[in-house]
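> how does the following fold in three dimensions:
(chains A and B)
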Amino acid sequence: MCILVCTKLITIPEFFVKFAPFNLPIKNTNTIPKRDMAKDFSTREENYSKWYNDIVLRAGLAENSAVRGCMVIKPYGYAIWEKMQAALDKMFKDTGHVNAYFPLFIPKSFFSKEADHVEGFAKECAVVTHYRLKNAPDGSGVVVDEDAKLEEELVIRPTSETIIWDTYRQWVQSYRDLPILVNQWANVVRWEMRTRMFLRTAEFLWQEGHTAHATEQEALEETYKMLDVYADFAENFMAIPVLKGVKSENERFAGALETFCIEALMQDGKALQAGTSHFLGQNFAKAFDVKFASKEGTLEYVWATSWGVSTRLVGALIMAHSDDHGLVLPPKLAPIQTVIVPIYKNNDQYDLVCQKAREIKEMIEKRGVLVKLDDRDTHKPGWKFNEYEFKGVPLRIVIGPRDVEKGTVEIARRDTLEKQIVPIENLAQTVEQLLGDIQQNLFRRASEFRKNNTQTADTWAEFKDILDDKGGFIMAHWDGTAETEQKIKEETKATIRCIPLDDNKEEGRCVYSGNPSVRRVVFARAY
RNA sequence: CGGGGUGUAGCGUAGCCCGGUUAGCGCGCCUGCUUUGGGAGCAGGAGGUCGCAAGUUCGAAUCUUGCCACCCCGACCA
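A predicted model of the protein is given here:
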């Protein structure tokens, strides 16, 4: 499963910009290895979907499992998720949130309480109906014990609003109990028809924040605040520029009054929603009867938000930065930031070089850099180079007998594939600086790409031409109706990704209907 | 759930039409020697109920039927 093959080849715009020479006083050997086309993984241009899949599998991020639509996240992929979790969790705590955990199972009846919400999720819920197995009478294995039918069936959470709001009713009596600023790290299940590793799986990992507030204003502020946290994370950790905006009615979260999102652009010109923050109004408070006594002594329904990002971000990370040599990771999210590969011809050299390598490792680690020394004798240096390149390790340090003699190492950066010889003296500082450069360069490169793939369309013909050509974000006028949006989707598969939060008002005519419009919105084909 | 396709070693595959020695090859794996600054070479070796079940036949990876799994396209979606 999950191995998608594109029906047509997508041209990947060449966006790699030449990187400025390092501002370090060192010789640049700069031999960029050619990609060996005989190797058995795809390029972006050949087959983008396959390229994506090959990276996930070959970089050891995840693999398909025995359960259809579910993946096994392997240690290296999980390590990336853990780094994302660590950064986000800190940001949540820094903005006053605390973690908690709510059950995986939700009583079926909870879903009937909020009409839009059930409408949105009913079609993709896994349901637990029994609680016991027994041996089959004919000895063919185990079967469900029909006598163990649950009185009330349990839904495996597709999201936790219902169980959380049922709980919040118990927690809230007075304005003094507010706000509640809770986040949970959890798995959820949405029974998807078609799945792709990380981008859409039946079960996925995420965090969901659920907050309760006394006033509409405060809840709205929370919604915006968390959107900003996500945008900050995307740009500063993932090195992916994102558009902040509000969703159209069609794309809004089931049960929300307003859904805000960050939208990122992938290298194949498709958009990917990288995070959402919902203003839920009083919908859930009313559905679950969560009221509080205000200072004035009146009984009010509380105001709510929810917000989340998922393991889908790992997919975004892959598609935003990686190249035909494999994964490219931004240093801030790389489980291994620098790998050291020793070169040697015999045992004496091995001992000499590895001893120096260990010293270097320690020196760099003192700066808080995650370093791995690969001193395995079971693989050759060339093999290791390719291995770590494919795994997206930002920096590689190579040290051999000649280096030990001269007090140098070779250092290669993954983003530009450039190599240079640098002195061991101050190496830790060099590494630190290069990691910072790489982080910045990736963001700059992705921003450049987005800029080059964001176009305006004023006519319907233009609109369709852009989609047929290279895709990307299309800024176009829209008459604000769901009907027009639906028609555009049916004809082109492009949807409104968001209505940007910026202030760029501009009178115009809807690209489809010709009706008046006050601003451009962002269209794209999306994941 | 509709339409199409594919199941042969850990992975990728040849053989299938037109049934007939011991099912072949590449990668990977194991052993030994030589190697090690961009995926090492040579020699030897291990590994297969040919998706499952039934049928046709002297004989089935190959033909027939049924089932299962997976993949692709559509509807749905973070």
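> for residue A:80, see how far away the residue lying closest to residue A:72 once chain neighbours are set aside is.
In space, and not counting its chain neighbours, residue A:72 is closest to residue A:65: 4.8 Å by C-beta to C-beta, 6 or more residues apart in numbering. Every residue, glycine included, has its C-beta placed from N, CA and C. Between residue A:65 and residue A:80 the computed distance is 18 Å (C-beta to C-beta, to the nearest Å).
> and what of residue A:95?
Distance, residue A:95 to residue A:80, using C-beta to C-beta: 23 Å.
> between the two, tell me which one has more neighbours.
Set residue A:95 next to residue A:80 and count neighbours by other C-beta atoms under 10 Å: residue A:80 wins out with 24 against 15.
> hmm, the host helix or strand of the more buried one touching RNA strand B?
Secondary structure assigned from DSSP states H and E places residue A:80 in helix A:75-94. No - judged by C-beta under 7 Å from any atom of the strand, helix A:75-94 makes no contact with RNA strand B; its nearest approach is 12.3 Å.
> pLDDT below threshold where in the stretch 101-250 of chain A?
A:139-140 (pLDDT under 70).
> so which residue of it comes closest to RNA strand B?
As assessed by C-beta to the nearest atom of the strand, RNA strand B sits closest to residue A:193 within the stretch 101-250 of chain A, at 3.2 Å.
> ok, that residue to residue A:241 distance?
Separation of residue A:193 from residue A:241 (C-beta to C-beta) stands at 31 Å.
> comparing these two, which shows the higher neighbour count?
Relative neighbour count places residue A:241 above the other of residue A:193 and residue A:241, with 21 against 9, counting by other C-beta under 10 Å.
> now the more buried one: closest residue in space that isn't a chain neighbour?
Sequence neighbours aside, residue A:447 is the residue nearest to residue A:241 in space, at 4.6 Å (criterion: C-beta to C-beta, 6+ apart).
> per-residue pLDDT, the one you found?
Per-residue confidence (pLDDT) for residue A:447: 98.
> with the one 3 residues further on instead?
According to the model's per-residue confidence, residue A:450 sits at a pLDDT of 97.
> pull up the gap between it and residue A:242, please.
For residue A:450, the distance to residue A:242 equals 9 Å [C-beta to C-beta].
> of these two, give the one with the bigger neighbour count.
Higher neighbour count among residue A:450 and residue A:242: residue A:242, with 26 against 20, using other C-beta under 10 Å.
> tell me the secondary structure at the closest residue to that one other than its chain neighbours.
Residue nearest to residue A:242 in three dimensions, not counting chain neighbours: residue A:262, with 3.9 Å by C-beta to C-beta, 6+ apart. Secondary structure, DSSP: H, G, I helix; E, B strand; the rest coil: residue A:262 is strand.
> surely residue A:262 and residue A:241 touch.
No - applying C-beta atoms under 8 Å as the test, residue A:262 and residue A:241 come out as separate, 9.6 Å apart.
> any residues in contact with both of those two?
When contacts are counted by C-beta atoms under 8 Å, 6 or more residues apart in numbering, residue A:262 and residue A:241 are jointly contacted by residue A:234.
> domain parsing of chain A, as residue ranges.
A:77-321, A:330-450, A:454-524 (automatic domain parsing).
> end to end, how far does the longest one reach?
Right, the one you point to is domain A:77-321. End-to-end span of domain A:77-321 (C-alpha to C-alpha, to the nearest Å): 16 Å.
> quick one on the thing from earlier: the residue nearest to residue A:72: neighbouring residues, count only.
Neighbour tally, residue A:65, other C-beta under 10 Å: 15.
> tell me where the model's unsure across chain A.
Scanning chain A for pLDDT under 70 picks out A:1-40, A:139-140.
> hmm, try it at 50
A:1-32, A:36-38 (pLDDT under 50).
> let me see the ranges of the helices in it.
Counting by DSSP state H, chain A has helices at residues A:48-58, A:75-94, A:115-121, A:161-171, A:216-236, A:283-287, A:312-321, A:347-365, A:381-390, A:401-406, A:427-452, A:460-469, A:482-492.
> residues of the stretch 301-450 of chain A that sit close to RNA strand B?
Within reach of RNA strand B by C-beta under 7 Å from any atom of the strand, the stretch 301-450 of chain A has these residues: A:310-312, A:325, A:343-346, A:377, A:380-383, A:385-387, A:389-390, A:396, A:398-403, A:409-410, A:412, A:417, A:419.
> mind checking how far the spatially most central residue of chain A is from residue A:445?
For chain A, the residue nearest the mean C-alpha position is residue A:313 (0.8 Å; C-alpha atoms, centre = their mean). According to C-beta to C-beta, residue A:313 and residue A:445 sit 18 Å apart.
> same question for residue A:72.
Look at residue A:72 and residue A:445: by C-beta to C-beta, they are 31 Å apart.
> which one's more surrounded, these two?
Neighbour totals were compared for residue A:72 and residue A:445, and residue A:445 leads with 20 against 13 (other C-beta under 10 Å).
> touching, that one and residue A:415? I think so.
Yes - assessed by C-beta under 8 Å, residue A:445 is found in contact with residue A:415 at 7.4 Å.
> and for these two, which residues touch both?
Common neighbours of residue A:445 and residue A:415, using C-beta under 8 Å, 6+ apart, are residue A:321.
> no further queries at this time; thank you.
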